[in-house]
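Undergrad: Got a sequence here, can you build the structure:
(one chain, ligands or ions: 1)
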Amino acid sequence: MTKSVVATAFGGPEVLEVVDEELPAPGPGEVLVEFKAIGVNPVEYKQAAGAFGADPSALPLRLGSEGAGIVVAAGPDAVGPDGPLAVGDEVVVYRGSGTYAERALEPAGSVLRKPAGLGWEQAGGLLLTGATAYDTVETVGVTKDDVVLIHGASGGVGLLAVQLARLRGATVIGTARETNHEFLRSIGAIPVAYGDGLADRVRELAPGGVTAAIDTVGTDEAVDVSLQLVGDRARIATIAAFERAGTDGFTALGGGNPDSAALRDRVRGELLDLAARGELTNPIAKTFGLSEAARAHTELKQPHPVGKFILIP
Ligand SMILES: NC(=O)c1ccc[n+]([C@@H]2O[C@H](COP(=O)([O-])OP(=O)(O)OC[C@H]3O[C@@H](n4cnc5c(N)ncnc54)[C@H](OP(=O)(O)O)[C@@H]3O)[C@@H](O)[C@H]2O)c1
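TA: The predicted model follows:
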């Protein structure tokens with residue numbers, strides 16, 4: 001038997017329940033992973049709320065697409081991106097399914113080896129936000145000559161986008177509430193408060209102009225300021241303002257897009273290596289037990305401390 005967190009209906013955090021499940025042995029190309037740390041992301045409270053479809057036949061809905069743990073059983077032909085997988089391997093799962101669990105069956109293609117120097121929590125909470133951040137930086141084509149404005153720079157995706165842009169040598173201006181400005185400085189960004197007057201504050205910080213913008217927030221303010229400051233709409237990307245991207249002609253990025261999915265899969269190993277070498281930092285804000293998943297969702301929806309929320313089974 002294994003414990004998993006499922007949404008028993010579509011709704012708020014109150015619909016989450018821990019259930020006991022009997023799992024079959026892994027089939028061809030599958031492994032059974034025992035999780036040590038599981039990343040919690042906004043997409044999961046959105047899925048539970050029915051934001052991506054509320055078909056009752058999908059219930060109970062398993063949640064979670066990332067985590068880190070140990071392979072405890074391997075089916076035939078279980079070959080991951082780094083080679084054959086075997087019992088005892090320490091691994092990172094992304095994009096998995098139903099990772100909010102003590103154990104889950106995962107397709108081998110979603111199971112990478114965990115670098116030895118990377119802790120469970122760091123590894124289990126890196127890849128969803130990291131691969132998304134990589135996609136944004138790559139899509140707007142960040143180079144050392146850029147001044148990049150990142151909206152939501154203190155968020156899970158934003159803080160990794162800041163660091164990836166800095167690794168390319170760009171100057172980064174990041175929006176955050178004041179309490180997070182010192183953190184932004186520590187990862188190499190120039191902080192700026194969001195809210196009224198944002199465009200003017202950014203102009204003061206970047207008298208030579210802003211050449212690219214990445215929006216991880218999705219507010220009209222983030223979109224409007226990006227459009228005002230960046231002349232070339234091909235150099236503006238959002239992961240949250242899908243409607244505005246359609247009407248205003250800039251790029252919206254989502255994991256459902258085949259190009260994004262391919263890129264995000266391709267960069268998983270590189271992200272793990274960067275984190276293991278200490279070139280990317282992904283602070284852990286808070287850890288929760290599986291039975292506290294509902295509380296994790298409640299807190300993640302509100303203003304919360306910088307860093308990842310992690311479930312520890
Ligand atoms: N399309 C995709 O592929 C994709 C992938 C991953 C995530 N997402 C989405 O991207 C969003 C961010 O995800 P995340 O994991 O980074 O979330 P997160 O860790 O909760 O970060 C949210 C950020 O938003 C900032 N923020 C809150 N209100 C704001 C406002 N009015 N103006 C500007 N910034 C504001 C917060 O800054 P302060 O705390 O400093 O106020 C915080 O940094 C979510 O909606 C998520 O679902 C999309």
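Undergrad: gap between Ala189 and the ligand?
TA: 12 Å (CB to the nearest ligand atom, to the nearest Å). Backbone N, C-alpha and C define where each C-beta goes, glycine included.
Undergrad: pretty sure that residue contacts Gly174?
TA: Yes: applying CB atoms under 8 Å as the test, Ala189 and Gly174 come out as touching, 3.9 Å apart.
Undergrad: who has more neighbours, the two?
TA: Neighbours per residue (other CB atoms under 10 Å) separate Ala189 from Gly174, with Gly174 holding more: 31 against 27.
Undergrad: That one against Gly158, yeah?
TA: Yes: if you go by CB under 8 Å, Gly174 and Gly158 touch, sitting 6.6 Å apart.
Undergrad: Now for the two: what residues contact both?
TA: Ile150 (CB atoms under 8 Å, 6 or more residues apart in numbering).
Undergrad: Let me know how buried Ala51 is, in neighbour terms.
TA: Neighbours around Ala51, by other CB under 10 Å: 12.
Undergrad: actually Leu126, not the one I typed
TA: Counted with other CB under 10 Å, Leu126 comes out at 27.
Undergrad: is it true that Leu32 touches Ala104?
TA: Yes: assessed by CB under 8 Å, Leu32 is found in contact with Ala104 at 7.5 Å.
Undergrad: Determine which member of those two has the greater number of neighbouring residues.
TA: Between Leu32 and Ala104, Ala104 has the larger neighbour count (other CB under 10 Å), namely 25 against 22.
Undergrad: Please name the residues that touch the nearest residue to that one once chain neighbours are set aside.
TA: Distances taken as CB to CB, 6 or more residues apart in numbering place Gly98 nearest to Ala104, at 4.8 Å, with adjacent residues excluded. Applying CB under 8 Å, 6+ apart to Gly98 gives the contacts 4, 62-64, 104.
Undergrad: I'd like to know which of those are part of strands.
TA: The strands, defined by DSSP state E, take in 4, 62, 104 from the contacts of Gly98.
Undergrad: Enumerate every residue touching whichever residue of the stretch 201-313 of the chain sits closest to the ligand.
TA: Across the stretch 201-313 of the chain, the shortest distance to the ligand (CB to the nearest ligand atom) belongs to Ile239, at 3.6 Å. Shown in contact with Ile239 (CB under 8 Å, 6+ apart): 132, 135-136, 157, 215-216, 218, 252-254.
Undergrad: quick one on the thing from earlier: mutual contacts of Ala189 and Gly174, please.
TA: By CB under 8 Å, 6+ apart, the residues touching both Ala189 and Gly174 are 150, 153, 162.
Undergrad: Closest one of those residues to Ala108?
TA: For the shared contacts of Ala189 and Gly174, the minimum distance to Ala108 (CB to CB) is 32.6 Å, reached by Val162.
Undergrad: Shouldn't the closest one be within a helix?
TA: Yes: applying DSSP: H, G, I helix; E, B strand; the rest coil, one finds Val162 inside a helix.
Undergrad: Report pLDDT for it.
TA: Note on Val162: pLDDT of 99.
Undergrad: Gly255 now?
TA: We have a pLDDT of 71 for Gly255.
Undergrad: for it, phi and psi?
TA: phi -60, psi -20 (degrees, to the nearest 10).
Undergrad: burial count for the closest residue to it other than its chain neighbours?
TA: Leaving out its chain neighbours, the residue that sits closest to Gly255 by CB to CB, 6+ apart is Ala261, at 5.8 Å. Neighbourhood size, Ala261 [other CB under 10 Å]: 15.
Undergrad: So Val72: helix, strand or coil?
TA: Under three-state DSSP, Val72 comes out as strand.
Undergrad: my guess is it contacts Phe35, does it?
TA: No: using CB under 8 Å, Val72 is not in contact with Phe35; the gap is 10.3 Å.
Undergrad: if we can go back for a sec, closest one of the shared contacts of Ala189 and Gly174 to the ligand?
TA: Ala153 (6.8 Å).
Undergrad: what do Leu32 and Ala104 both touch?
TA: Leu23.
Undergrad: and the closest residue to Leu16 other than its chain neighbours, helix, strand or coil?
TA: Counting by CB to CB, 6+ apart, Leu16 lies nearest to Ala294, which is 4.4 Å off, once chain neighbours are set aside. Following three-state DSSP, Ala294 is assigned to helix.
Undergrad: With the one 10 residues further on instead?
TA: Following three-state DSSP, we place His304 in the coil state.
Undergrad: name the element the closest residue in space to it that isn't next to it in sequence belongs to?
TA: Closest residue to His304 apart from its sequence neighbours, by CB to CB, 6+ apart: Ala285 at 6.4 Å. Assessed by DSSP states H and E, Ala285 sits inside strand 284-289.
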